[in-house]
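[1] okay, here's the prediction I keep looking at, along with the sequence it came from:
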Amino acid sequence: MSQRVDEPHDDMRMHITAPVIEPGYDFGTVTDKISAIVLRRRTPPGWFFGFSISFIITMILMVTITHLVLTGIGIWGNNQPVGWSFDIINFVWWIGIGHAGTLISAILLLFRQTWRTSINRFAEAMTLFAVACAGLFPLLHTGRPWLAYWLFPYPNTMGIQPQFRSPLMWDVFAVSTYGTVSALFWFIGLIPDFATLRDRAKSRFFQVVYGMLSLGWRGSARHWFRYETTYLLLAGLATPLVLSVHTIVSFDFAVSVIPGWHATIFPPYFVAGAIYAGFAMVLLLTIPIRKLYGLEDFITGRHIRNMAKIMLATGLLVAYSYMVETFTAWYSGNAYEEYMIFNRFKGPYMWLYWLLIFCNAVAPQVLWFRRVRHSNVAIWIVSIIVSVGMWLERFIIIPVSLHRDFLPSSWGMYAPTLWDWTMFIGTIGMFFLLLLLFIRFLPMISIFEMRTILPQAEIREEEA
Amino acid sequence: MDASHTTPVETSRFQMRALIVGIICILLCVVGAFLITDGLRQFFHAYLMGYVFWTGVSVGSLAILMLHHLSGGGWGLVIRRILEAATRVIPLMFVLFLPVFFGIRTLYEWARPLETIPEGHREVIAHKTPYLNIPFFMGRFVFYFVVWGLLMFFLNKWSLEQDRTAEPGLRKTMQGLSGPGLVLFGLTVTFAATDWVMSLEPEWFSTIFGLLIMAGWGLSAFAFVIIVASRLANRPPLAGVIAPLHFHDLGKLLLAFVMIWAYFGFSQFLLIWYGNLPEEIPWYLERMRSGWQYVGLILVLFHFAVPFFLLLSRNLKRHARTLAIIAGLLMVMRLVDLFWMIAPVAEVHGGGALGLVLNYWMYLLAPVGIGGLWLSYFAHQLRQRALLPINDKGMENLLEQAAAARHHHEPELQGIDRPEHI
Amino acid sequence: MPQIFHQSTNTIAKVSIFGAVFIGAALLFVIAEFNRSSYYTQAFVARPQPVQFSHKHHVGDDGIDCRYCHTTVETSASAGMPSTKTCMNCHSQIWANSPYLEPVRASFRDEKPIGWVRVHDLPDFVYFNHSIHVNKGVGCSTCHGAVDNMPLMYQVASLQMEWCLQCHRNPEAVLRPKDQIFNMQWQAPANQKEVGAQLAKSYNIRSTAVLTSCSTCHR
Amino acid sequence: MKRSKIPQLYGLMAEFEDPTDVVTAARRTYEEGYRRINAYSPYPIEELSEAIGFHRTILPLIVLIGGILGGLAGYFLQFYVHVFDYPLNIGGKPLHSWPAFIPITFECTILAAAFSAVFGMLALNKLPQPYHPVFNNPRFALATRDRFFLVIEARDPKFNHEETTRFLQSLGPYEVIDVET
Amino acid sequence: MLRLKEKVERQTAKMAAPGRASTGPLVLVFLLPFAFLLSGCRQDMQDQPRYEAYERSEFFDNRMASRPPVEGTVARGSLRENAALYTGKTGTGPQAQLVDTMPIEVNEQIIRRGQERFNAYCAVCHGMTGKGDGMVVRRGFRAPPPLTNDRLMEAPVGHFFDVMTNGFGAMPDYAAQVSPEDRWAIVAYIRALQLSQRAPIAELPPDARQKLEAGGQK
């Protein structure tokens, strides 16, 4: 896939100092090592430990949702003037995290970056689960989630239609399209690996299950050719899609006239932030998992370093946006814009703002240093800081902009309730629960793509 | 210097011609400025437009050069010397700012005495005086050029050194400068865009504007480099090294820049249209009536839609000459975009069809004039060095491939008339 | 690995994927139809009442005017349910000893209202007002149907929002002259389009934009 | 697995251990004049599909058409809804607010294009096809691991059991076996 | 929706039944994640915790949510000081006399209004022409005297108003069904009805007379 044989070189590889796969593997061993995680190897106790914890946290989420639906969204802390808060903060946070998956899969594929191969499957799964977590929040914020289908245009008995001029409707379309296309992309990528698992599985049950999922894939050259075309086309489609999703999320805010929301830089700023948070999350997860499953040979130091560099680059874009926003707030000469910045700098939530600046703009600058980039622990810590920072960013944008709007008499404060927290933490539990199930039952590294980057995969030129 | 790696002789002829055309156009404009009514006003706006455009090609090239140093890739190696030559025109652009300085009071409302500013604008402009005043404006202008000049100087110096010494560590050095260099690029261009273009209408503001200009500059630089590369591709030393694959990559990046520009442009438009705030929307209202809407439509069609669909095709991207035509279209569209941003400010009206010609002819000649000088200097710079960074580590790989491609069934470079004797 | 699946699975798999589209579409269609069916809307379903009151008898046979019982229909949101005393106006002498009417007499005696079962039950978030409709040319039978033919009362309309909007978007189609409002036999004339438009003008009926604005019905 | 039909020959299958060998073998087979041939590999090899004479697909066209139709449908849905079906004044925005219709149009384009890509690929590949004669070879399980297979179908006009077997043997495979339907 | 809820609850209860105590709690644990689905079975926007007109109430003795105002309540501006208008009599008490002049201005509009009300409320017994042959009478109600008999022709207008307000003989009162203004309108119409049937031919306008004569000849 990534190693085009009519292009025997790999441009990006010219700078390679470390390999994307450690030497000494062949088709068979790569296949066996990855499929064994699913089929043969005993599940490590760490998995059960993690599963139990995330199951319990997921149960907390379920209790929260039940209570929420029975009582109403009044159990949350948001109220006038802060009408949007944790529900939307967490939505944006999760959607942002979901961005890295498609970015790694699609954009790096288009740019023929072979190092993506060992992490793309995992990152795509992450995308799907993050989108699932994200989707919960607006769904529940509607108050009546069982009527969510009202958001789609269909010949209903009410004789009305959704309001397509509303950015919230754009969001519905963007997020559902994103979820669908990501799932398709993920599933298409899995088909050949399902076939591998089908052929390796010992029990009849798994043979049938993986056999059905593989759709009867048999590796025909004709099939591969169309498959490759499809995969590239999907990558080409997913790239603008992924950018559009956070762009549209930013529209939710930016089309309004709330100071702190209405800024034309919001679309690229949100996209950069999303990729930033997404890569932080990928690093946060891959660093321990490669250790736990002994996958250092496939997810090498080079992967970690490259992702750290991307994190630094997007972090700089986010910092740039903070700067431009601040400068323009003054430059605009608009009293409300200026007050918005003043309120961030010196208002009641100033500590969160300065913490955000530290987390998102200051701390990641250590990644400029080569030595830091070579320390997985340091990168891991930076990833945590960035994840927190990106959450804080949404907090600053949403409640802090809302709590002081144009009319001082309607100013108020916002504080999350217990249920806000259980909802947020609950989705983290659900995310990990789904991720652990994925690791247990599906190949977390794309086996067939790993085969393509083996040196043996190259077709030797005919001796002329 | 290995003679076989320098520019073909035709460039010197081109250098002369460009210089002559440039000088003639500039002179015509200067004459026009003093002869026709409101001529000075038209001259300065037209000149600013040309100036911003050609500075963009230089500074955009600088950014692409740094991007290449950071990420590597064959596409960057084959155009590196073109990019470097384009950056070396930056000192010329520093000098060419002089007319803008002379026209500062004509161009910028904020530069005029506060008392002469109409009541409605005065308060907002007074607020901005700490930033928008002539000394600080000039200071910033010098600062931008110092930053760009230093980046240009070191990257070119090390590149030349690499040619001479083949020191492998230089690669890392250039890479090391490029990271912070891009950060500086982002900051300087943002403020340059604010200073030179956004402050033409001092009441208006948009946070994405810096990025919009950055994307535009990057796009014009890319388009320019593609045109030059396609012109040089059929002659040594590039012939046989630059392959359809590289044009494919350049085409992809051109497409990416087209999409990014459209994305930024649409984002700014949609948000301001939707917000409909009195301090923002006039900028678009002004550009969506009395004929300007057609200019906007041309931008939508030919700055985005047409190149977008053309560049989707794999074959068009690999066909050097077609790609160069698309790039040429985009260069023109960059000018139209700047025209759409700058010219409505000049507010010269009337006179019917003849008036249209009289009021806008300089917008055609000024960019050509500055372009003539720019291209002439560029051609001069291009001839100073080998066309390929022959001692870069990536070059071996590149030459090997080229050999392999010739040997294997890699199709010949399409759309290039390869002279028989090669 | 020999074959895992039987040959027939090829067809089954393809048919099920292909069929899923049609099954999905059919399911949507069925759901949409179900939501409009009288089973769901309870239209045309007569409700059992504590007293077998027949509109057919009272309206159709006896020709009693709607307003004789539903006295507030022209003046307030609710059309008004008659008090037992209104029944007794006549039934103090007619059918005065009928066992059918014992609940009515009991109610009159004990001053306990009869627990009629509501037939037309709009959701509580709809603020429907009878008087504005009756005074602006909407006849009783337009919404309630041929009540003079209903032995037991039932609704003829779905009472769904699309049903409301169908008039609010195009009121001209149903408007009647003032003196025809309570006429159960009224039929739209052939030139209803023109007549309706004239009536709409004379009644000062507001524009469709106002009639279909959310807050017209939901407050 | 019970089958009521009498087993018939589907074709001959040659197994290879090295990707270059299978590509060479496939080229030779194609040059020999066989057309009903197919090759199987555990990962995509562009040379292999080229070798068996397959290097063009209409998928990009399907996706382009799907995308354009999806985009048009998305835009006209919004246009129809807001201008004809449910015209409602919201915030004084015009009914036909084209800038506001762009995001959903874009999403619909992508969604329709992605669906056409996936279902187009499945349809062209005639998948799902859980049963296929090639699976009758027990060693074919390695086609998803590390082995490469070349199949000449019995339907090929040039097919002759003995001759074709001999031909395949000459390509230096690991083994050549008969595959039943 | 509710039926589903019951079903699920019953099912859950069955699973948790003591007979299958070994698997019951386990099943419950696995059902727990889906428990929140039940919370969707609510319709509280359709039926909000407030009363609509005529709704049943469990709170009040007579189960009526609609409460009549307390006896003797007078709405602002409705003290009904004008005895003639509201009682049809001059003054109050036993000495009060029925009025013989209309307390409201009579014009064609009022008469037409009276006709409309008469047809809706009175004609069921009195018949459209006031003959006393309405549908209800034909069903067996005691027949009222024709409105055109001599006694009623002579009766003062207050008499009609009083009968409508308080009832008379077998006739119940219509105070609750017809407003005082409408009652006066009906009175006006009754007068018109009487006139229409007992008018001397000479008093007819010429065109009506011509019509009548033409009809008479036939």
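    On my side now, so go ahead.
[2] quick one: which helix or strand includes residue D:15?
    strand D:9-16 (DSSP states H and E).
[3] who touches that strand?
    D:22, D:25, D:36, D:133-134, D:136-137, D:139-140, D:142, D:147-156, D:159, D:161, D:164-165, D:168, D:171, D:173-181 (CB atoms under 8 Å, 6 or more residues apart in numbering or on different chains). No exception for glycine: its C-beta is placed from N, CA and C like everyone else's.
[4] adjacent strands (with direction) for it?
    strand D:148-153 (antiparallel), strand D:175-180 (antiparallel) (DSSP bridges).
[5] which neighbouring elements make contact with the helix or strand hosting residue A:305?
    If you go by DSSP H and E, residue A:305 is part of helix A:301-332. With contacts taken as 3 or more CB pairs under 8 Å, 6 or more residues apart in numbering or on different chains; DSSP states H and E, helix A:301-332 sits against helix A:117-141, helix A:266-292, helix A:335-346, helix A:370-373, helix A:376-397, helix B:169-196.
[6] dump those helices to CSV, plus distance to residue A:84 and mean neighbour count.
    Shown next, in CSV, are these (distance: least, CB to CB, whole Å; neighbours: other CB atoms under 10 Å in any protein chain shown):
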stretch, distance to residue A:84, mean neighbour count
helix A:117-141, 8, 24
helix A:266-292, 15, 25
helix A:335-346, 16, 17
helix A:370-373, 37, 14
helix A:376-397, 10, 21
helix B:169-196, 30, 19
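[7] want to try TSV for those helices, with distance to residue D:55 as columns?
    Below are the helices and strands packed on helix A:301-332 laid out as TSV (distance: least, CB to CB, whole Å):
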stretch	distance to residue D:55
helix A:117-141	24
helix A:266-292	36
helix A:335-346	58
helix A:370-373	42
helix A:376-397	43
helix B:169-196	38
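[8] nearest to chain C, of those helices?
    helix A:117-141 (19.5 Å; CB to the nearest CB).
[9] give me the helices and strands touching that closest one, please.
    With contacts defined as 3+ CB pairs under 8 Å, 6+ apart, helix A:117-141 has these neighbours: helix A:45-71, helix A:86-102, helix A:167-200, helix A:266-292, helix A:301-332, helix A:418-441, helix A:447-452.
[10] which parts of chain B sit against chain D?
    B:266, B:269, B:270, B:273, B:274 (CB under 8 Å from any CB of the partner chain).
[11] of those residues, which are in range of chain A?
    Near chain A, taking CB under 8 Å from any CB as the test, the members of the residues of chain B next to chain D found are B:270, B:274.
[12] what is the nearest of the residues of chain B next to chain D to residue B:25?
    residue B:269 (32.6 Å; CB to CB).
[13] and chain D, is the lowest-mean-pLDDT helix or strand in chain A touching that?
    The element with the least model confidence among the helices and strands of chain A, by mean pLDDT, DSSP states H and E, is helix A:108-110, at a mean of 79. No: legend: contact between helix A:108-110 and chain D by CB under 8 Å from any CB is lacking; minimum distance shown is 13.0 Å.
[14] not counting that helix itself, show me its contacts.
    By CB under 8 Å, 6+ apart, the list of residues contacting helix A:108-110 from outside reads A:1, A:2, A:115, A:116, A:120, A:231, A:232, A:235, A:236, A:239, B:252.
[15] follow-up on the earlier one: quick check: next helix or strand after the strand holding residue D:15?
    helix D:19-32.
[16] for that next one, buried residues please.
    D:19, D:20, D:21, D:22, D:23, D:24, D:25, D:26, D:27, D:28, D:29, D:30 (16 or more other CB atoms under 10 Å in any protein chain shown).
[17] so for it, what's the average pLDDT?
    For helix D:19-32, mean pLDDT rounds to 90.
[18] quick check, the residue in chain E closest to chain B?
    residue E:45 (30.6 Å).
[19] between the residues of chain B next to chain D, which sits nearest chain A?
    Nearest to chain A among these, with distances taken as CB to the nearest CB, is residue B:274, at 4.0 Å.
[20] the closest one falls within a helix, correct?
    Yes: counting by DSSP: H, G, I helix; E, B strand; the rest coil, residue B:274 is part of a helix.
[21] with adjacent residues omitted, what lies nearest to it?
    residue A:255 (4.0 Å; CB to CB, 6 or more residues apart in numbering or on different chains).
[22] any idea how far chain C is from the one you found?
    Between residue A:255 and chain C the computed distance is 21 Å (CB to the nearest CB, to the nearest Å).
[23] that residue - how many residues pack around it?
    Using other CB atoms under 10 Å in any protein chain shown, residue A:255 is surrounded by 23 other residues.
[24] all set, thanks.
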